[in-house]
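Visitor: What would the 3D arrangement of this be:
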Amino acid sequence: MGATETAVGGGYKTPAEEEHLTPAEQRFEKARRTTGLVVGPLLFLIVYFAPLGLERPQQSLAAIFLMVIVLWMTEAIPIPITAVLGLVLTVLLGVASGDTIFPLFSDGTIFLFIGGFIIAQAMMVHGIDRRFAYKVLSIPKVAGSTYRTIIAFGAIAALLSAFVSNTATTAMLFPIGLGIMNALAGLVHDQSDEDTGRSRLRFGTALMLMIAYGASVGGLLTPIGSPPNLIGREFIEKELDTTISFFDWVLTAGPIVFVMFIALCIVLIAMNRPEVRKIEGAEQYVAEERSKLGKLSPGERNTLIAFAVAVTLWILPGWWVSLPVTLQISTSP
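Guide: Here you go, the predicted structure:
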């Protein structure tokens, strides 16, 4: 991939794939990339040779850091290549040795990141997220209430983000939330006494915000729920010479997440109170959408099996270690 590519909608596009861009957008993308190709290396040279009074490794690292930031922001070259370029320059300019830098990529935390992202991508590709969302909404009396629909989507986001990253969870649920909002917005608008456009309903605002904030809250429940969790756990384990198991983390974070989610529901609904409480016809819409999904496909089934195995192996070691202590407490007089 070269500099003739651009990033639209979260991924790089070839010139043939960016035909949908307007001429103004194409000019902007070209100017942005060109600016990055010039400013990035220029800023690197200025900082590298400037008399800043820093030690040479420190000054070299500052120059590399600023260039990488510029190249990332302008996307002058593909983002992964920019990351590798920064690593290579770190070694070549003597900031750190290759034996120090590259073994970090085999760290267990990195592989845990990769595993979570693979599971999230599999869920998106095979539609597990849609099936899960409509399954929850099909619970009796959930879809028929604006309040319960909002809370249900928050619960879905929180549960999913406990096992995949917050960003991936939000990316999975936003299209589903938009579909639900577009389908139910007409019903809410027709049943409301307020003269508000369908695109400006408080119900829709609360629904979409609940997905985003619910994912952030649920991401605290497990170590893999959010990248900062794994980084923080690794730091604590190294500094305190201890081990925090998956199971211990869940036991500690569970009550906190529960209280945060209750507070989120109260505050978010109070600030974006839906126009109506009940939605006539919502349950029929959810039932129709579920029927369109049909039976589990082989891809969906394999994804669920992989997910169940991963979660079991994440939780089982910590639970097994804590089991003797639990039994001792329960049998003590």
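Visitor: Show me where the protein has its strands.
Guide: Shown for the chain, the strands assigned by DSSP state E span residues 6-8, 11-13.
Visitor: Return the member of these having the minimum mean pLDDT.
Guide: Note on the strands of the chain: lowest mean pLDDT is at strand 6-8, with a mean of 37.
Visitor: any idea how far the most centrally placed residue in the chain is from residue 265?
Guide: Among the residues of the chain, the one closest to the centroid is residue 167, at 1.5 Å (Cα atoms, centre = their mean). For residue 167, the distance to residue 265 equals 22 Å [Cβ to Cβ, to the nearest Å]. The C-beta positions use only the backbone N, C-alpha and C, and glycine is treated the same way.
Visitor: just for the stretch 51-200 of the chain, where's the confidence low?
Guide: 109, 183-200 (pLDDT under 70).
Visitor: again, only using 90
Guide: 52-54, 75-80, 83-84, 87, 94, 96-150, 152-153, 156-157, 159-200 (pLDDT under 90).
Visitor: What segments of this protein are helices?
Guide: Using DSSP state H, the helices of the chain run over 23-49, 56-74, 79-92, 98-101, 108-126, 128-137, 146-161, 166-191, 202-218, 227-240, 246-271, 282-293, 298-331.
Visitor: Give me the helices and strands touching the third one, please.
Guide: Under the contact criterion of 3 or more Cβ pairs under 8 Å, 6 or more residues apart in numbering; DSSP states H and E, the helices and strands touching helix 79-92 comprise helix 56-74, helix 98-101.
Visitor: Apply 10 Å and report the result again.
Guide: Applying 3 or more Cβ pairs under 10 Å, 6 or more residues apart in numbering; DSSP states H and E, one finds that helix 79-92 makes contact with strand 11-13, helix 23-49, helix 56-74, helix 98-101.
Visitor: Could you give the number of residues near the residue nearest to residue 40 when sequence neighbours are not counted?
Guide: Closest residue to residue 40 in three dimensions, ignoring its sequence neighbours and counting by Cβ to Cβ, 6 or more residues apart in numbering: residue 70, at 4.1 Å. Close neighbours of residue 70, defined as other Cβ atoms under 10 Å, add up to 21.
Visitor: residue contacts, residue 70?
Guide: Contacts for residue 70 (Cβ atoms under 10 Å, 6 or more residues apart in numbering) come out as 35, 36, 37, 38, 39, 40, 41, 42, 43, 44, 76, 82.
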